[in-house]
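A.B. asks: Could you look at this predicted model? Sequence included:
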Amino acid sequence: LLGWLFFLRPAGEDAQTAPSPSPTVAAAVRAVDTPVPEPTATPFSPRTVTIRAVGDVMMHDEQLRAAARPGEGYDFSPQYADIAPSLSSADYTIANLETTVGLYSDQPYSGFPMFNAPPELLTALREAGVEFVTMANNHILDRFYDGMLLTMDNVEAAGLAYGGVNRSKEEQLEPNIVEVGGVKLGMLCYTDYTNGLEKRSDPQARESGVNYIEDADFAAEVQKLREAGADAVIAYMHWGREYRREANDEQRAVTDRLLAAGVDVILGSHPHVVQPAGMREVTLADGTKHEALVAYSLGNFNSAMTDEYTDSGIILEFTLVEQEAGGFAVENIGFVPTYCWEKDGVFTTIPALPCYDEAPEGMSDAQHQRRRKSVDDVTGLSLEEKPAPGVAPEGTIECKFWGLGGDGTVGANKNSIKIIGDHTDKYIQA
């Protein structure tokens with residue numbers, strides 16, 4: 001009975017008599033207020049994208065004959081084999097496709113004056129490193145409106161992005177943005193004219209098929225691209241007078257419109273020769289200062305033209321660098337002088353500086369002297385002044401390609417450019 005009484009005692013009696021536990025060290029520590037460290041700011045890490053751009057990709061009869069493989073089609077890869085490493089040494093490479101592509105009706109492939117190339121040309125360009133082509137140029141209607149649509153189909157099938165042409169008004173109004181390494185590039189591609197062929201084509205060619213400079217509202221187009229998320233805007237214009245080595249008043253006027261709209265990079269084609277380039281600084285409508293790269297003409301990239309300066313061109317290189325305060329700046333500007341010559345019957349584009357001193361195998365002395373003169377005329381270097389790879393020349397050498405003179409070139413600290421020997425060796429122009 002006493003045992004049962006023990007087990008039936010209220011639990012509270014034990015609780016009242018049990019001694020209270022002493023606080024532990026851990027509890028005492030927890031009772032102290034510990035300061036929370038301030039979060040450290042993440043260092044700004046800018047996004048960057050390096051672009052290379054080339055001029056006119058032509059299709060003359062000589063190029064067609066050299067690429068023909070009877071019974072097998074065409075192979076244009078030899079035309080670009082020597083320059084492919086330079087084309088692919090960037091995050092993104094742009095070119096002007098100055099020909100229609102694909103057989104139209106019963107008409108055969110042809111060169112000047114109505115350019116039409118086999119689809120194998122696009123395969124060769126893509127494999128060499130080109131990723132975007134502008135098709136807004138004076139030859140895009142050489143097979144009329146239906147030929148332009150066929151060209152668009154072939155360009156898409158080759159895996160190339162493009163600009164300057166549209167299948168509908170709705171497509172023309174859509175912002176054209178390509179994303180490269182997390183950077184969104186807004187692309188504006190326009191031509192001055194289409195050789196009057198819009199009058200012989202479907203009316204839709206003139207209404208919305210081709211982007212014409214005279215119709216453009218650049219301010220509205222840039223705003224549309226920015227609202228669609230474009231981090232930077234690149235314009236590629238087909239303009240100017242053929243074979244003229246200086247920009248004309250019309251090119252400068254259009255450039256002013258593009259700059260006022262806030263375009264970051266302006267590229268040009270059509271003259272078939274290299275024209276000057278440089279940095280421009282303008283004040284935008286909101287009062288902010290804006291700097292942009294302008295290259296009036298990149299010259300021919302690959303063609304069968306042999307008149308003086310038409311066999312020379314450049315690969316322009318620049319890097320778009322994100323700024324902590326917002327926007328992107330154009331930095332690390334350089335160019336690869338190129339030369340196109342008939343090598344074993346094939347018009348082949350090569351980087352011009354690596355063979356400055358000695359002619360490549362198969363090139364005559366006369367042609368080598370002509371090629372070297374074309375490099376001198378573009379770069380401002382001469383055989384005696386040419387520095388060793390990776391070594392800067394002493395003092396300042398005038399680079400004839402670089403500098404816009406009265407166009408508003410910015411200060412000397414922004415007016416320097418690399419002269420790039422090929423995809424590895426670089427010649428520094430300060």
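C.D. replies: Thanks, I have it.

A.B. asks: Next up, the contacts around residue 87.
C.D. replies: 52, 54, 80, 93, 128, 129, 130, 315 (C-beta atoms under 8 Å, 6 or more residues apart in numbering). Placement of C-beta: from N, CA and C, glycine included.

A.B. asks: Now with 10 Å, please.
C.D. replies: The contact partners of residue 87, taken as C-beta atoms under 10 Å, 6 or more residues apart in numbering, are 52, 54, 80, 93, 95, 125, 127-131, 301, 315, 336, 349, 423.

A.B. asks: repeat for residue 340
C.D. replies: With contacts defined as C-beta under 10 Å, 6+ apart, residue 340 is in contact with 58, 79, 83, 299-306, 310-313, 347-350, 352, 371.

A.B. asks: Need the three-state assignment for it.
C.D. replies: Secondary structure state of residue 340, per DSSP: H, G, I helix; E, B strand; the rest coil, is strand.

A.B. asks: Show me the beta-bridge partners of it.
C.D. replies: Beta-bridge pairing of residue 340, defined through DSSP bridges, involves residue 349.

A.B. asks: Report the separation between it and residue 236.
C.D. replies: Applying C-beta to C-beta, to the nearest Å, the value for residue 340 to residue 236 is 20 Å.

A.B. asks: And residue 103, by the same measure?
C.D. replies: On the measure of C-beta to C-beta, residue 103 and residue 236 end up 27 Å apart.

A.B. asks: Of these two, which one has the most company?
C.D. replies: residue 236 (28 against 15; other C-beta atoms under 10 Å).

A.B. asks: Read off the pLDDT value for the more buried one.
C.D. replies: For residue 236, the pLDDT comes out at 98.

A.B. asks: following the host helix or strand of it, which helix or strand shows up next?
C.D. replies: According to DSSP states H and E, residue 236 maps onto strand 232-238. Downstream of strand 232-238, the next assigned helix or strand under DSSP H and E is helix 249-261.

A.B. asks: Compute the inter-axis angle for that next one and strand 232-238.
C.D. replies: If you take axes from the mean of the first three to the mean of the last three C-alpha atoms, to 10 degrees, helix 249-261 sits at 160 degrees to strand 232-238.

A.B. asks: Next SSE downstream of helix 249-261?
C.D. replies: strand 265-269.

A.B. asks: What average pLDDT does that next one get?
C.D. replies: For strand 265-269, the per-residue pLDDT averages 98.

A.B. asks: same thing with stretch 184-199?
C.D. replies: pLDDT averaged over stretch 184-199 gives 98.

A.B. asks: can you dump the C-alpha coordinates of that stretch into PDB?
C.D. replies: Taking Å, rounded to 0.1, in the frame of the first residue of the first chain, the C-alpha atoms of stretch 184-199 are listed here in PDB:
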ATOM      1  CA  LYS A 184      22.200  41.800 -76.300                       C
ATOM      2  CA  LEU A 185      23.200  43.500 -79.500                       C
ATOM      3  CA  GLY A 186      20.600  45.600 -81.400                       C
ATOM      4  CA  MET A 187      21.300  45.400 -85.200                       C
ATOM      5  CA  LEU A 188      20.300  48.200 -87.600                       C
ATOM      6  CA  CYS A 189      21.000  47.300 -91.300                       C
ATOM      7  CA  TYR A 190      20.100  49.800 -94.100                       C
ATOM      8  CA  THR A 191      21.000  50.500 -97.700                       C
ATOM      9  CA  ASP A 192      21.000  53.700 -99.800                       C
ATOM     10  CA  TYR A 193      19.400  52.100-102.800                       C
ATOM     11  CA  THR A 194      18.900  48.800-104.800                       C
ATOM     12  CA  ASN A 195      19.900  49.800-108.300                       C
ATOM     13  CA  GLY A 196      16.400  50.600-109.300                       C
ATOM     14  CA  LEU A 197      15.400  46.900-109.100                       C
ATOM     15  CA  GLU A 198      12.700  47.700-106.600                       C
ATOM     16  CA  LYS A 199      10.700  49.100-109.500                       C
END
